[in-house]
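>>> Sequence below, structure please.
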Amino acid sequence: MTYQTIGVIGAGAWGTALAQTLATSGRDVTLWSFEPDCADAINRDHVNDCYLDGVLLDPRLRATSDPADLAGSDAVLSVAPAQHTRTTLQAFVPHIADGTPVLLCSKGIEISTRSFMADVLRDVLPNTVPAVLSGPSFAADVARGLPTAVTLACADADIGAALVEATAAPTFRPYLTDDVIGAEIGGAVKNVLAIVCGIVLGKGLGRSAHAAVMARGFAEMTRLGKALGARPETLTGLCGLGDLVLTCSSEMSRNMSCGLALGRGERLEDILQGRLAVTEGVATAPALKTLAQQHGVEMPISFAMADILAGELSVDDAMVQLMSREHRAEGE
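I've put the predicted structure just below:
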């Protein structure tokens, strides 16, 4: 089982970085862009200045704005923003064959349905094979060939192993698991927690509070994972703890930088209006809160973040609320 011809849906920073890695590894890659001008620039100048400025792309990488150009792909990477994944994939229904592996690379929970991306894929393209790519990986690092390790989750061991071989590169190392839901939970929850960590530092609450949010946030992630059937070792790995540490510790993270701005007193509307790239945690937070409540999972930090983003709770009141909760054992 070999995947040589690969389609990538979404020419944002992450989609372009993954397409670049695949192309430089010798795969035949077609990158679909929603913006025709972006596709033209990639083909003509080998750059994507809109989303991945400063990176010269492999000339073998071909871009398009026509979904039909991905027909016949051995495997497909879906890298559209989480809230747009459903509508984006619908354009590819006539062009992605039954049995094609679709590697989901977006991290989030759909607001309207509280669905993870594998569930969205099953709704839109039920006869494809879902897989998930998640882990500590900034697009700029991957595109420049800096060492990166991620989790690749697929319930089918043979297809998963073939996807690992197809996506691996000298500086890009996927580790295989069959725990798809675990990989999705880690990627979605860490985005919400990264906004909280940014608020903590932006408001000057200190590194001790920052560490506490990361640790207690990770406890929330594992509680949700247990309720939804994820394995603990998945969440302590690259796609859970590893991604949490990276995203909550660097201003390169769109989610953490959003939190930093919120902590400094900027309005959410102004922060998002000044960005081309999507800040996934903003949309995921309310969906995460609803999903956790449906399953009876206590996630006070994540719930507070959802309420702050909805304008229902101030940062100061959230801090008082969290610090005055009933005392309990750490393992609870």
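>>> Excluding chain neighbours, what is closest to the most centrally placed residue in the chain?
With distances taken as C-alpha atoms, centre = their mean, K107 lies nearest the centre of the chain, 2.6 Å away. Excluding the flanking residues, the one nearest K107 by C-beta to C-beta, 6 or more residues apart in numbering is G187, at 3.3 Å. All C-beta atoms are positioned from the backbone trio N, CA, C, and that covers glycine.
>>> where exactly do the strands run in this structure?
5-9, 28-32, 62-64, 75-78, 101-104, 129-134, 148-154, 172-177 (DSSP state E).
>>> picking up where we left off before, please read off the pLDDT at the residue nearest to the centre of the chain from the model.
K107 is assigned a predicted lDDT (pLDDT) of 96.
>>> Could you count how many residues lie near L224?
Close neighbours of L224, defined as other C-beta atoms under 10 Å, add up to 24.
>>> now it: how far from A41?
Per C-beta to C-beta, to the nearest Å, L224 is found 40 Å from A41.
>>> One more: D123?
In this view, D123 and A41 are 33 Å apart by C-beta to C-beta.
>>> and these two? which has more neighbours close in?
A41 (19 against 14).
>>> OK, contacts around the residue nearest to the centre of the chain?
A82, S134, E184, G187, A188, K190, N191, E280, T284 (C-beta atoms under 8 Å, 6 or more residues apart in numbering).
>>> export these to JSON lines and tack on neighbour count, pLDDT and distance to T64?
Shown next, in JSON lines, are the contacts of K107 (neighbours: other C-beta atoms under 10 Å; pLDDT from 0 to 100; distance: C-beta to C-beta, whole Å):
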{"residue": "A82", "neighbour count": "25", "pLDDT": "96", "distance to T64": "23"}
{"residue": "S134", "neighbour count": "30", "pLDDT": "98", "distance to T64": "26"}
{"residue": "E184", "neighbour count": "29", "pLDDT": "98", "distance to T64": "28"}
{"residue": "G187", "neighbour count": "30", "pLDDT": "97", "distance to T64": "27"}
{"residue": "A188", "neighbour count": "26", "pLDDT": "97", "distance to T64": "29"}
{"residue": "K190", "neighbour count": "32", "pLDDT": "97", "distance to T64": "32"}
{"residue": "N191", "neighbour count": "29", "pLDDT": "97", "distance to T64": "29"}
{"residue": "E280", "neighbour count": "24", "pLDDT": "92", "distance to T64": "25"}
{"residue": "T284", "neighbour count": "30", "pLDDT": "96", "distance to T64": "29"}
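>>> tell me which of those is nearest to R328?
K190 (23.5 Å; C-beta to C-beta).
>>> wait, that closest one sits on G242?
No. Between K190 and G242 no contact is recorded; they are 9.3 Å apart, counting by C-beta atoms under 8 Å.
>>> and C154, how many neighbours does it have?
C154: 25 neighbours (other C-beta under 10 Å).
>>> wait, isn't it in contact with G160?
Yes. When contacts are counted by C-beta under 8 Å, C154 is listed as touching G160 (3.2 Å).
>>> so what sits against both of those two?
Contact with both C154 and G160 is made by residues A131, L176, D178, according to C-beta under 8 Å, 6+ apart.
>>> was I right about the first one contacting M117?
No. Using C-beta under 8 Å as the test, A131 is too far from M117 to be in contact (10.4 Å).
>>> Mind listing the shared neighbours of the two?
By C-beta under 8 Å, 6+ apart, the residues touching both A131 and M117 are L104.
>>> Redo the contacts of K107 as CSV? Include distance to A211.
Listed next are those as CSV, based on distance: C-beta to C-beta, whole Å:
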residue, distance to A211
A82, 28
S134, 23
E184, 26
G187, 21
A188, 22
K190, 15
N191, 19
E280, 23
T284, 23
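>>> Could I get the contacting residues of the residue nearest to K107?
G187 neighbours (C-beta under 8 Å, 6+ apart): K107, G108, V132, S134, C239, D243.
>>> If any of the shared contacts of C154 and G160 are buried, put those into a ChimeraX selection.
Buried subset of these, written as a ChimeraX selection, criterion 16 or more other C-beta atoms under 10 Å:
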select :131
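>>> JSON lines for the shared contacts of C154 and G160, including distance to D66 and pLDDT?
Shown next, in JSON lines, are the shared contacts of C154 and G160 (distance: C-beta to C-beta, whole Å; pLDDT from 0 to 100):
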{"residue": "A131", "distance to D66": "25", "pLDDT": "98"}
{"residue": "L176", "distance to D66": "33", "pLDDT": "98"}
{"residue": "D178", "distance to D66": "34", "pLDDT": "98"}
